[in-house]
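**Q** need the 3D shape of this:
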Amino acid sequence: MIFMMKLNEIGFRRFFVLGTGLLFVVILLMDYAHKISPYTIRELGIDKILDLARDKFVLRRQNIPNLLVTSMTLPFILACLFFATHQGALVGVGVVAHGVAFHFVGGKAWAHFAASAVAYVLVELWKLAIALKELRDWRAAIKAAEEGGEGDKGEKKRVLILYANVGSGHKSAANAIEEALKERDMGVMVEKLDVLDLCSPAFRFAMQTMFQKLTQTLAGQHMLGYLYDMGDHGNEKGKVQRALEDAAGIGLAKVLTRFRPTNIVCTHFLPCQLVGTLKRTSSVLAGRIRLGLVITDLDLQSMWVQEGAVDVYYLPREDSDVVLKEYERQGKERREKRKRKKSVVKLPKLKDKLSSVSKSVISGIPIMPRFARAVDKMVEGGEFKVEALKEFGLDPGDKRPVVLVMSGGKLIKQVFENCLACKVGLRFVVVMGRQADARDVLEKVEVPERHGVTLVGFCKEMPKLLAAADLMVGKCGGLTAAENAALGVPIVILDPIPGQEQRNSDILLESGGCIKVNDLPLLTRRLEEIFGDKGEKIKFMRRGMKKLAKPNSAYTIVDDVLGA
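**A** Here you go, the predicted model:
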């Protein structure tokens, strides 16, 4: 009521004008919130920034409460949110609304259109000033990295291992390479870094927490699959790259200044994109640093291929080399198209420094060196398997097959119950991880006499656990597939998530090393089929898994790094 009385005092026309003016305040805030990366300036040139800026409006989350407080009217709130979703149209609509409003109250429309245009120019100048400041900081960081020097000629190699902690597989691959380097003991200086540590908490939250949340819902899983397919065609590559440059580019340049690496090995495409930008920017860094990219899934996605910046790709299997060459051919075609566009900035100094054709090494996905030692022990004789069985409380004399169940989350009870419904006598080893309440739930489930059950918490001895197993039931990431292949343990894959898991399962199905179960009630029947034909099916699957086995993958990568 008080609000309506005040509105009558002010007059609807003046209030509408005030609301329109506040709209331009919101425009200024939105423009200030968005930052154009130095990479964009270098790539397009200063003369193209104003054109690009019209499509670059972002409303920060923390500005929404301020908008709600200052607007005071629901129509104005809805208008602002509507305009914000139509990024490039926001300024145009605002200018028209500003002119129409003042014309409605008897003002001269042309004068107010001119005022709106001046406001827009000021916004663009402010944006440009911010971008130039960032460009200055970027150039200073690059110059410092260049002046860091390569060290003495007799100095050993300095290897920087970069990963992005979005899922455990990328970090595990980095750990495997680090351990293999230390085992070679050649005086190599090694540093391992999560590139997300260089980013703001908000960026880290978006890359880490939101990714995990998406994997826990059906809609989120399909969204990940869609984004994966989009990235497979290179549609989102530039956006992701520029976002990471804004978040961590200067921080990584400072790391290069301090550590002065001769080799950089990345186990995720995001840090590789970042290093690639630094190499494209600086001819000194391009000539000094050898960049290697480790593919941590059985499938090679377009997002992982970096045009001209990567010196060597470490591929998971032989077929990946064919896919890599095709992606590089497509990248070459894209570069040729960009050369014909006026907006592309030519960088002649980098022409001889960047790789025109990358080297590829069929290394396999890097797994911990102790897997290689476990394979050697199993080849030597059966004592290692006997030792592994005893460590987990299993009788080596018991002829029932051992099934490793590694399905976590809310479905662990349903998976366990479907396993127990199998009519063939089996021994189940259920790994619960860090789920404290899972043991209480599973211990209440009645176990038929034909089966044996062992509950295991978080397990660090995966080589021994897999050595004891005849089959695994669970999900299938790239590292899991590589570890199982090394020891020849087939997998029953449960409802793979669209994207990487789906592609991994497809490749394992082609090899014959796994079967896929999308509906849990079918798990019981699949177990009976695998173990119900005198062991012929499980033998076939074991041979299929061993086709992909590369237990010395970490050593293969390290030997290439040290020998380069």
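**Q** please name the nearest non-neighbouring residue to Val430.
**A** Val405 (4.5 Å; CB to CB, 6 or more residues apart in numbering). Backbone N, C-alpha and C define where each C-beta goes, glycine included.
**Q** shaky segments in the stretch 101-250 of the chain?
**A** 101-128, 130-131, 148-155, 202, 206, 208-247 (pLDDT under 70).
**Q** cutoff 90 now
**A** 101-157, 164-169, 184-188, 195-250 (pLDDT under 90).
**Q** could you do the stretch 301-450 of the chain as well?
**A** Ranges of the stretch 301-450 of the chain meeting pLDDT under 90: 301-309, 320-359, 371-388, 391-394, 396-399, 406-414, 431-447.
**Q** how about the helices of it, start to end?
**A** Assignment of helices within the stretch 301-450 of the chain using DSSP state H, counting those that start in this stretch yields the ranges 319-339, 369-380, 383-391, 412-420, 438-443.
**Q** and of those helices, who's closest to Asp470?
**A** Evaluated with CB to CB, the helices of the stretch 301-450 of the chain place helix 383-391 nearest to Asp470, the distance being 10.1 Å.
**Q** quick check: buried residues in the closest one?
**A** By neighbour count on 16 or more other CB atoms under 10 Å, the buried set for helix 383-391 is 384-385, 388-389.
**Q** next: stretch 359-369.
**A** Buried, per 16+ other CB under 10 Å, within stretch 359-369: 360-369.
**Q** burial of Pro498, as a residue count?
**A** 16 (other CB atoms under 10 Å).
**Q** same deal with the one 10 residues further on?
**A** Counted with other CB under 10 Å, the burial measure for Leu508 works out to 27 neighbours.
**Q** tell me the contacts of it?
**A** 298, 476, 481, 491, 493, 514, 544-545, 548 (CB atoms under 8 Å, 6 or more residues apart in numbering).
**Q** after the strand or helix carrying it comes which helix or strand?
**A** Using DSSP states H and E, Leu508 sits in helix 500-511. Per DSSP H and E, the first helix or strand lying C-terminal to helix 500-511 is strand 514-517.
**Q** what lines up beside that next one in the sheet?
**A** strand 491-494 (parallel) (DSSP bridges).
**Q** buried stuff in the partner strand?
**A** Result for strand 491-494 [16+ other CB under 10 Å]: buried residues 491-494.
**Q** repeat that for stretch 420-436.
**A** Per 16+ other CB under 10 Å, stretch 420-436 contains these buried residues: 420, 422, 426-432, 435.
**Q** between the residues you listed, which is closest to Lys377?
**A** After measuring the buried residues of stretch 420-436 against Lys377 - CB to CB - the closest member comes out as Val429, at 19.5 Å.
**Q** who does that closest one bridge with?
**A** Residues in beta-bridge contact with Val429 (DSSP bridges): Leu404, Thr454.
**Q** how close does it get to Cys419?
**A** Taking CB to CB, to the nearest Å as the measure, Val429 falls 11 Å from Cys419.
**Q** which residues do those two both contact?
**A** With CB under 8 Å, 6+ apart, Val429 and Cys419 have common neighbours 403, 405.
**Q** which strand residues bridge Lys359?
**A** Val312.
**Q** domain ranges for the protein?
**A** 2-135, 155-315+317-362, 377-551 (automatic domain parsing).
**Q** returning to that earlier point: keep only those of the buried residues of stretch 359-369 that are in strands.
**A** 360-362 (DSSP state E).
**Q** phi, psi for His268 please.
**A** Here is the backbone geometry of His268 (degrees, to the nearest 10): phi -150, psi 150.
**Q** please tell me how far it sits from Leu193.
**A** His268 is 11 Å from Leu193, by CB to CB.
**Q** please tell me how far the nearest residue to Ala467 once chain neighbours are set aside sits from Lys464.
**A** Nearest non-adjacent residue to Ala467, counting by CB to CB, 6+ apart: Ala388, 4.1 Å away. Using CB to CB, one gets 4 Å for the distance from Ala388 to Lys464.
**Q** likewise Ala248?
**A** 38 Å.
**Q** over to Ser283?
**A** 50 Å.
**Q** again with Arg260
**A** 40 Å.
**Q** so between those two, which is more surrounded?
**A** Per other CB under 10 Å, whichever of Arg260 and Lys464 has more neighbours is Lys464, with 22 against 18.
**Q** wait, what's in contact with the more buried one?
**A** 374, 387-388, 391-392.
**Q** among these, which one lies nearest to Thr556?
**A** Closest approach between the contacts of Lys464 and Thr556, by CB to CB: Ala374, at 17.0 Å.
**Q** what residues does that closest one make contact with?
**A** Going by CB under 8 Å, 6+ apart, the list of residues near Ala374 reads 384, 463-464, 466-467, 486-487, 551.
**Q** what do you get if the cut-off is 6 Å, keeping everything else the same?
**A** By CB atoms under 6 Å, 6 or more residues apart in numbering, the residues touching Ala374 are 463, 467.
**Q** let the chain start at 776 from now.
**A** New numbering, starting at 776: the last item is Ala1149.
**Q** hmm, back to that, neighbour-wise, which of His1043 and Leu968 wins?
**A** His1043 (25 against 18).
**Q** give me the nearest residue to the more buried one, chain neighbours excluded.
**A** Residue nearest to His1043 in three dimensions, not counting chain neighbours: Ala939, with 4.0 Å by CB to CB, 6+ apart.
**Q** what is the burial count for that neighbour?
**A** Ala939 has 26 nearby residues by other CB under 10 Å.
**Q** dump the residue contacts of Val1080.
**A** Tyr1102.
**Q** how close does it get to Ala915?
**A** Taking CB to CB, one finds Val1080 at 31 Å from Ala915.
**Q** what's the answer for Leu968, then?
**A** Relative to Ala915, and taking CB to CB, Leu968 is found at 21 Å.
**Q** next, Leu1060: secondary structure please.
**A** Three-state call for Leu1060 (DSSP: H, G, I helix; E, B strand; the rest coil): helix.
**Q** report the contact partners of it.
**A** Contacts of Leu1060 by CB under 6 Å, 6+ apart are 1053-1054.
**Q** tell me the pLDDT at it?
**A** For Leu1060, the pLDDT comes out at 83.
**Q** how about the strands of this protein, start to end?
**A** 933-938, 964-969, 1038-1041, 1065-1069, 1087-1090, 1134-1137, 1177-1180, 1202-1206, 1227-1231, 1246-1249, 1266-1269, 1289-1292.
**Q** of all those strands, which lies closest to Glu1276?
**A** Taking CB to CB, strand 1266-1269 is the member of those nearest to Glu1276, at 7.8 Å.
**Q** contact partners of that closest one?
**A** By CB under 6 Å, 6+ apart, strand 1266-1269 touches 1182, 1247-1248, 1251, 1259, 1280, 1289-1292.
**Q** then stretch 1063-1070?
**A** 925, 948, 1038-1042, 1047, 1050, 1079, 1085-1091, 1339.
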